[in-house]
Structures are given as structure tokens and as C-alpha cells.
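In: heads up, no residue letters with this:
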């Protein structure tokens, strides 16, 4: 990464929020994953990309779960 700037892309910035999903493969700015904690991530030095994946958190209609 060339600098230390983070950019908020989409979704809510509130804690403990459930996700909004429809069907697999359907994209919209109105859909987003639920809040997550303890995700895993890695840096791809060839592409200069940071990848962030998963975590423990909220689905669309449940409290915290895997």
C-alpha cells in the first residue's frame, strides 16, 4: 500500500448491525454484510491489495454467530 489512508466504501458504520441480503449473485448498493469482529486479512504485495475476509458477527436475521 502506498499510504495509510482508509476509505469507507459502503454499508453502515453502526455496531451490531444485521446484514441485508437478497439472493446470491444479486448486487446492489442497498445490500451489505452484517457487522463483524475478528476478521482475517492479508496483503497481496504483487497486486498491492489488502484483502479482508469474514469474521464472527451478524447475519440477516440472527444475533451473533459464525
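Out: Nice, I can see it. This is a predicted model, so every value here is computed, not measured.

In: For the residue lying closest to residue 58 once chain neighbours are set aside, what are phi and psi?
Out: Nearest non-adjacent residue to residue 58, counting by Cβ to Cβ, 6 or more residues apart in numbering: residue 34, 3.2 Å away. Every C-beta, even on glycine, is put in place using the N, C-alpha and C of the backbone. Main-chain dihedrals, residue 34, degrees, to the nearest 10: phi -70, psi 170.

In: what pLDDT does residue 34 get?
Out: Residue 34 carries a pLDDT value of 82.

In: ok, so what distance separates it from residue 27?
Out: Noted for residue 34: a distance of 17 Å to residue 27, by Cβ to Cβ, to the nearest Å.

In: Show me which of those two is the more surrounded one.
Out: With neighbours defined as other Cβ atoms under 10 Å, residue 34 and residue 27 compare such that residue 34 has more, 22 against 7.

In: The most far-flung residue of the chain relative to its centre sits in which helix or strand?
Out: Counting by Cα atoms, centre = their mean, the extreme residue of the chain relative to its mean C-alpha position is residue 46, 22.6 Å from that point. Counting by DSSP states H and E, no helix or strand carries residue 46.

In: again with residue 17
Out: Using DSSP H and E, residue 17 sits in no helix or strand.

In: Quick check: the residue most central in space within the chain vs residue 8, distance?
Out: Centroid-nearest residue in the chain: residue 33, 5.8 Å away (criterion: Cα atoms, centre = their mean). Distance of residue 33 to residue 8, given as Cβ to Cβ: 14 Å.
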